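[1] how would this look folded up:
(one chain, ligands or ions: 3)
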Amino acid sequence: MKKVKKDDIQKIEEYLWEIPKSFREDMRVPARILANETLLDDILDDRSLSQLVNVACLPGIKKASLVMPDVHEGYGFPIGGVAATAHPEGAISPGGIGYDINCGVRLHVSKLQREEVENRLEDLTKELNAQIPSGMGKGGPIKVYADEMDEVLTKGAEWAIERGYGSKEDLQFIENNGRLPFADPGYVSAMAKNRGADQLGTIGSGNHFVEVDYVEEIYDDIIAQTYGLQKGQVVVLIHTGSRGLGHQVATDHIRSMMAAMPKYGIQLPDRELTCVPFNSEEGQDYFKAMCAAANFAWCNRQVISGGVANAWQTVFGKDGGQLRLLYDVAHNIAKVETHTTEDGPRKVIVHRKGATRAFGPGSDELPEAYAKAGQPVIIPGSMGTCSYVLAGAPKSEEMTFGSCCHGAGRRLSRTAAKKQVNAPVLKQELREKGILVEGSYRGIAEEAPIAYKDVDLVVDTVETSGIAKKVAKLKPMAVIKG
Ligand SMILES: Nc1nc2c(ncn2[C@@H]2O[C@H](COP(=O)(O)O)[C@@H](O)[C@H]2O)c(=O)[nH]1
Ligand SMILES: [Mn+2]
Ligand SMILES: [Mn+2]
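    Ligands and ions are numbered 1, 2, ... in the order given. Model prediction:
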């Protein structure tokens with residue numbers, strides 16, 4: 001396959017680059033890259049842009065295939081990729097969503113200041129570690145089988161709230177209120193349900209985490225006030241997804257889509273892009289199962305919030321106050337949304353794979369309290385650098401189908417990171433900087449800060465391009481890794 005070189009890319013706006021449709025004859029739309037020049041040079045090093053060009057060949061794709069500045073190569077689609085296909089006949093591709101369906105992040109805000117938490121940080125870290133199972137194959141606090149699992153898959157976060165994990169007010173601060181209505185547990189295999197049976201309330205391995213941070217800087221006073229963020233305040237970030245259940249849903253449906261593809265006469269440059277028409281039988285089966293797995297992930301994050309609240313109360317007692325949910329966003333998902341395309345406004349199937357929804361002010365998808373501010377966009381950076389809270393801005397609708405980056409993005413593979421990082425040394429260095437890290441040495445090495453791009457550059461790029469606005473910068477204090 002023809003490799004993308006810098007000469008093939010045209011600058012079309014500050015921080016927006018294009019690989020024209022003429023680059024390869026099977027492209028149906030141009031491919032666009034949101035990046036500054038430094039990030040673009042890095043992006044050219046891996047297969048991300050070849051994958052982006054492949055995505056531009058999907059049946060029914062509208063306007064352009066896109067990557068955010070945190071892009072890196074993934075299964076079929078690059079991670080950091082966005083693609084919108086015509087509803088209802090355009091393609092749905094599990095590779096455009098990822099194996100960890102509805103991997104996402106949520107942010108809780110506390111009433112405590114950095115100094116109040118610092119002197120209890122060891123205890124808090126131990127308590128969080130005890131309350132929230134992490135690592136591969138670790139079971140959680142509850143088991144769900146048969147009809148109860150079907151209820152989880154249908155109700156999402158609400159199922160957990162009904163059982164005392166969080167409060168009803170939380171729902172309005174979760175994307176789609178923590179529940180996709182098209183979920184149908186009948187399309188989730190027994191094996192997938194079995195894999196998920198004891199995984200609610202667990203973060204899993206590797207890149208997933210529960211992290212205590214403080215607000216180091218506020219960039220927009222008004223939006224920060226709307227979100228309830230203040231300088232010095234302690235917050236908690238939770239990053240995980242649909243665990244083994246979501247992975248099995250993707251595995252099962254990719255297999256059946258591969259078998260069905262010839263029937264629809266779909267030719268693709270890479271079999272990892274496997275797709276079928278959204279309105280085909282296989283497309284609908286997958287979509288219903290994907291929605292169910294997304295609901296499982298929201299329920300999982302809600303149960304984890306319950307564990308975090310228990311740990312918080314154990315250490316800080318009633319005076320420590322509640323942990324209010326600021327927002328919960330998905331970054332591996334497909335949704336039917338209305339966006340402006342070359343045909344004008346129309347319904348499209350937006351694939352966000354390592355990309356966050358970033359709706360601007362006035363969207364009717366936002367909770368009333370955030371209507372003027374825009375949607376909170378939560379961008380984790382790394383365990384040793386910083387993370388950001390942004391607000392979705394109007395230009396995201398024009399440029400990126402209402403989407404933004406989802407993190408700093410990997411610059412080193414896990415294998416390369418393990419070769420370069422001495423985990424015990426890194427853990428000690430972070431401790432000396434005031435950051436306590438719990439997790440396997442393998443996980444710590446694979447997820448070391450040097451494994452990730454410069455999150456400041458990534459965030460500056462999305463802000464300058466106008467798709468999101470910086471609101472606050474968060475600095476890590478304690479991290480529980482998978
Ligand atoms: N604040 C932290 N951010 C982290 C950590 N480990 C990874 N990351 C960031 O998360 C994004 C999203 O990851 P993905 O697995 O969903 O692609 C990633 O790009 C990193 O920037 C951490 O320990 N703390
Ligand atoms: Mn994720
Ligand atoms: Mn994940």
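[2] C-alpha from now on. contacts and neighbour counts both.
    OK.
[3] Quick check: the residue of the stretch 1-150 of the chain nearest ligand 1.
    Taking Cα to the nearest ligand atom, ligand 1 has its nearest neighbour within the stretch 1-150 of the chain at Cys103, 6.3 Å off.
[4] tell me the contacts of that residue?
    If you count contacts by Cα atoms under 8 Å, 6 or more residues apart in numbering, Cys103 has them with His239, Thr240, Gly241, Ser242, Ala297, Ala330, His331, Asn332.
[5] which residues in the stretch 201-350 of the chain form strands?
    Under the criterion DSSP state E, counting those that start in this stretch, strands of the stretch 201-350 of the chain are mapped to 209-218, 233-240, 276-277, 324-330, 332-341, 344-353.
[6] which one of those strands lies closest to ligand 1?
    Closest among the strands of the stretch 201-350 of the chain, using Cα to the nearest ligand atom: strand 209-218, at 5.8 Å.
[7] The closest one packs against which elements?
    When contacts are defined as 3 or more Cα pairs under 8 Å, 6 or more residues apart in numbering; DSSP states H and E, strand 209-218 sits against strand 233-240, strand 468-481.
[8] Tabulate those strands (JSON lines), appending distance to Gly283, mean neighbour count and mean pLDDT.
    JSON lines is the format used below for the helices and strands packed on strand 209-218 (distance: least, Cα to Cα, whole Å; neighbours: other Cα atoms under 10 Å; pLDDT from 0 to 100):
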{"stretch": "strand 233-240", "distance to Gly283": "26", "mean neighbour count": "25", "mean pLDDT": "98"}
{"stretch": "strand 468-481", "distance to Gly283": "32", "mean neighbour count": "25", "mean pLDDT": "98"}
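[9] Distance of Asn194 relative to Lys155?
    Counting by Cα to Cα, to the nearest Å, the separation of Asn194 from Lys155 is 18 Å.
[10] neighbour-wise, which of these two wins?
    Lys155 (21 against 17; other Cα atoms under 10 Å).
[11] In contact with the more buried one: list those residues for me.
    Arg179, Asn295.
[12] measure it to Ala183 for me?
    For Lys155 relative to Ala183 (Cα to Cα), the value is 9 Å.
[13] Give me the common contacts of those two.
    With Cα under 8 Å, 6+ apart, Lys155 and Ala183 have common neighbours Asn295.
[14] Could you point out the longest helix of the chain?
    If you go by DSSP state H, the chain has its longest helix at helix 281-316.
[15] mean confidence for it?
    For helix 281-316, mean pLDDT rounds to 98.
[16] relative to strand 233-240, how tilted is it?
    Angle of helix 281-316 versus strand 233-240, following axes from the mean of the first three to the mean of the last three Cα atoms, to 10 degrees, is 140 degrees.
[17] Is any residue of helix 281-316 near ligand 1?
    No - using Cα under 6 Å from any ligand atom, helix 281-316 stays clear of ligand 1, coming no nearer than 13.0 Å.
[18] which strands and helices sit next to that helix?
    Against helix 281-316 (3+ Cα pairs under 8 Å, 6+ apart) you get helix 121-131, helix 146-155, helix 157-162, strand 233-240, helix 243-260, strand 276-277.
[19] now those as TSV including distance to Phe287?
    Putting the helices and strands packed on helix 281-316 into TSV (distance: least, Cα to Cα, whole Å) gives the following:
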stretch	distance to Phe287
helix 121-131	33
helix 146-155	13
helix 157-162	19
strand 233-240	21
helix 243-260	10
strand 276-277	11
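[20] Those: which one's closest to Arg24?
    strand 276-277 (22.1 Å; Cα to Cα).
[21] what pLDDT, on average, does that closest one get?
    Rounded mean pLDDT across strand 276-277 is 98.
[22] just how off-centre is that strand within its chain?
    The chain centre lies 24 Å from the centre of strand 276-277; the measure is Cα atoms, centre = their mean, to the nearest Å.
[23] Starting from that strand, tell me which strands it pairs with and how they run.
    Here strand 276-277 is paired, per DSSP bridges, with strand 91-92 (antiparallel).
[24] Now the partner strand: average pLDDT?
    Taken as a whole, strand 91-92 has a mean pLDDT of 98.
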